[in-house]
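[1] have a look at this prediction, sequence included:
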Amino acid sequence: MVPVILGMKVSDLNLHISKNKNVLIYVDGELLHRNDAKISVFDSGFMMGDGIWEGLRLINNQWLFLDEHLERLFEGAKAIDLEIGLTTDELVDALEKTKSANNMTTNAHARLMVTRGVKSKPFQKPSFSMNGSTVVIIMEHSDDSLENNSISLASVPQVRGTPMMQDPKLNSHSKLNCILACIQAEKAGADEALMMDPLGFVSTTNSCNFFIVKGGEVWTSTGDYCMNGITRKKIIYLCNTNQIPVYEKNFSLVDVYSADESFVTGTLGSLTPVHEIDGRKIVDNNNFKITKKLQNLYLQLTSNAQKN
């Protein structure tokens, strides 16, 4: 099997790379060609994974749900006692400058990253970061064809831990647990990993929130052991306002294997159908009816958000 990135075959990556080979990267106020964009080897993010980030999507010259993304970024910074060094307005200005410098107006995405900055010594102690934060923005053209694809999942032994270990609600640079899960999934021939919570209930995938449909009802995890995704929140809202029963609840792989439909959500991929889990085909006689309905409702929601 050719591995994919949320529906993108590696064999198609050359086109994606070609479209983005000359993008300009924002690094602490400077806009640099991607080949020249560099940070220090003493940077906290590089050395320790000490930082936070947000993924943003640009549609019709507007950042989708920007206020909510920046609110989550600042909440994360406060939680780990990181001083971003820029106000919300200054971060928006940085995003706009990066967008303009790359002449991007739609079908693009950005990764906004903030680390604790350059350390004086290569040790964990946060006080060794004495020069302020590092702020990087990577923008790329998106591949909208991904939205029409579906993916496969494999359940893995790695779990999403409790808040006492590393709170899964933090969008941190420390992603090794999820990377290990992704490695397991790829070794099993799947696209993404399906991860459990500490009690063995289904939690999330390594990079997206996870949903199933059973008997006309939409189920997702309790949210206690996963990123509180903004797209996840929007899908729950759309279910509640369109007479689609939706439940945040504990459920197991037994429920997943017998699901009528399944999909994952995220900023870049929106809603991506899942066609196979642990080698079991998601057999749906309704042709993913509810998933497609939610895709259309989400498209309407994002269109309205752009008008406001």
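    Structure's in. What do you need? Keep in mind it's a predicted model, so treat the numbers as computed, not measured.
[2] roughly how far apart are E186 and G279?
    15 Å (C-beta to C-beta, to the nearest Å). For the C-beta atoms, the positions are set from N, CA and C on the backbone; glycine is no exception.
[3] of the two, who's got more company?
    Taking neighbours as other C-beta atoms under 10 Å, E186 and G279 compare with E186 leading, 16 against 10.
[4] helix or strand: which one has the more buried one?
    If you go by DSSP states H and E, E186 is part of helix 176-187.
[5] how about that helix: buried residues?
    177-178, 181-182, 184-186 (16 or more other C-beta atoms under 10 Å).
[6] now for Q243: which residues touch it?
    Applying C-beta atoms under 8 Å, 6 or more residues apart in numbering to Q243 gives no contacts.
[7] then Q166?
    Listed by C-beta under 8 Å, 6+ apart, the contact partners of Q166 are 172, 174, 177.
[8] could you redo the buried residues of helix 176-187 as JSON lines and give each row pLDDT?
    JSON lines is the format used below for the buried residues of helix 176-187 (pLDDT from 0 to 100):
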{"residue": "N177", "pLDDT": "93"}
{"residue": "C178", "pLDDT": "95"}
{"residue": "A181", "pLDDT": "97"}
{"residue": "C182", "pLDDT": "96"}
{"residue": "Q184", "pLDDT": "97"}
{"residue": "A185", "pLDDT": "97"}
{"residue": "E186", "pLDDT": "96"}
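[9] tabulate these (a markdown table), appending distance to P157.
    Output for the buried residues of helix 176-187, formatted as a markdown table (distance: C-beta to C-beta, whole Å):
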| residue | distance to P157 |
| --- | --- |
| N177 | 11 |
| C178 | 13 |
| A181 | 8 |
| C182 | 13 |
| Q184 | 7 |
| A185 | 11 |
| E186 | 14 |
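[10] going by distance to Y257, which of these wins?
    The nearest member of these to Y257, counting by C-beta to C-beta, is A185 at 16.4 Å.
[11] find me the pLDDT at the closest residue to that closest one other than its chain neighbours, would you?
    Nearest residue to A185 in three dimensions, chain neighbours excluded: A193, at 3.8 Å (C-beta to C-beta, 6 or more residues apart in numbering). We have a pLDDT of 98 for A193.
[12] in a strand, A193, correct?
    Yes - under DSSP: H, G, I helix; E, B strand; the rest coil, A193 sits within a strand.
[13] all strands for the stretch 201-308 of the chain, in order.
    Applying DSSP state E, counting those that start in this stretch to the stretch 201-308 of the chain gives strands spanning 202-205, 209-214, 217-220, 246-248, 261-266, 270-277, 280-281.
[14] for L58, which of those is the nearest?
    L58 sits nearest to strand 270-277 of all the strands of the stretch 201-308 of the chain, at 13.6 Å, using C-beta to C-beta.
[15] need the winner for burial among the strands of the stretch 201-308 of the chain.
    Sort the strands of the stretch 201-308 of the chain by mean neighbour count, taking mean count of other C-beta atoms under 10 Å, and strand 202-205 sits at the top with a mean of 27.
[16] that strand: how far from the chain's middle?
    Averaging C-alpha positions (C-alpha atoms, centre = their mean, to the nearest Å) puts strand 202-205 13 Å from its chain's average.
[17] likewise for stretch 238-249?
    Distance, stretch centre to chain centre, for stretch 238-249: 22 Å (C-alpha atoms, centre = their mean).
[18] likewise for stretch 152-165?
    16 Å.
[19] how about it: buried residues?
    Of the residues in stretch 152-165, 152-156, 158-160 count as buried by neighbour count, 16+ other C-beta under 10 Å.
[20] stretch 186-204 too?
    Within stretch 186-204, the residues scored as buried using 16+ other C-beta under 10 Å are 186, 188, 190-197, 201-204.
[21] of all those residues, which two lie farthest apart?
    Pairwise distances across the buried residues of stretch 186-204 (C-beta to C-beta) peak at 23.8 Å, for the pair E186 and F201.
[22] show me what the lengthiest helix in the chain is packed against.
    When the chain is parsed with DSSP state H, its longest helix is helix 289-307. Identification of packing neighbours for helix 289-307 by 3 or more C-beta pairs under 8 Å, 6 or more residues apart in numbering; DSSP states H and E yields helix 230-241, strand 261-266, strand 270-277.
[23] just the pLDDT for N14.
    64.
[24] reformat the strands of the stretch 201-308 of the chain as TSV; add distance to N296 and mean pLDDT.
    Output for those, formatted as TSV (distance: least, C-beta to C-beta, whole Å; pLDDT from 0 to 100):
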stretch	distance to N296	mean pLDDT
strand 202-205	23	97
strand 209-214	15	97
strand 217-220	15	98
strand 246-248	16	98
strand 261-266	13	96
strand 270-277	10	94
strand 280-281	24	94
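[25] distance to M165 added to those, as CSV?
    CSV is the format used below for the strands of the stretch 201-308 of the chain (distance: least, C-beta to C-beta, whole Å):
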stretch, distance to M165
strand 202-205, 13
strand 209-214, 20
strand 217-220, 22
strand 246-248, 22
strand 261-266, 23
strand 270-277, 26
strand 280-281, 30
